[in-house]
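Asker: Model the structure of this input:
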Amino acid sequence: MPQPKMPGMQQMLRQAQKMQQEMQAAQEQLRNEVLEASAGGGMVKVRVSGDLQVKAVEIDPGALDPEDVEILCEMVLAATNEALRSAQQLAEERMGRLTGGLDLGALGMPGL
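Answerer: Residues are numbered from 1 along each chain as shown. Below is the predicted model:
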C-alpha cells in the first residue's frame, strides 16, 4: 500500500512563515484595540488595549468619598478586571482564528 505523500519541507516552512506573519499582524491590531469597562454605575471607567495594557482610568468626582476609600478601590479593581477579561477574550478569539484552536499559550506565545 503506497504511503501518502508528506508535504515538502519548503511548503511547510512557507506555511509556518505565513502563519507567523498573520499572527504578528493580529497582535499589532490587538495593540490598537481599546476595550472599556466600568463599575459603580459608570463612576469608574478603565480602558485596556487588546494586548492587555491599561491605557486609562477615569474616576467621576462623585465617587471620591474620603470616608469610604475602600469602595472606590473596589470599583477600580472591578472595572480593571472586567476590561482585562474582555481584552483577553478578544485576543483569544482573534488568535484562535489563525491557529485553528491550537493552544499556543503552552508554547509561550505572548497574549494567549
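Asker: buried set for the biggest helix by length in the chain?
Answerer: Secondary structure of the chain per DSSP state H: the longest helix is helix 69-99. Using 16 or more other C-beta atoms under 10 Å as the test for burial, helix 69-99 gives 72, 75-76, 78-80, 82-84, 86-88, 90-91, 94-95. No exception for glycine: its C-beta is placed from N, CA and C like everyone else's.
Asker: by contact count, what packs against that helix?
Answerer: Helix 69-99 is packed against helix 9-32, strand 34-39, strand 44-49, strand 54-59, with contacts defined by 3 or more C-beta pairs under 8 Å, 6 or more residues apart in numbering; DSSP states H and E.
Asker: so which of the ones you listed gets nearest residue 65?
Answerer: Across the helices and strands packed on helix 69-99, residue 65 has its closest neighbour in strand 54-59 (11.3 Å, C-beta to C-beta).
Asker: Could you check the angle that closest one makes with helix 69-99?
Answerer: Going by axes from the mean of the first three to the mean of the last three C-alpha atoms, to 10 degrees, strand 54-59 is angled at 150 degrees with respect to helix 69-99.
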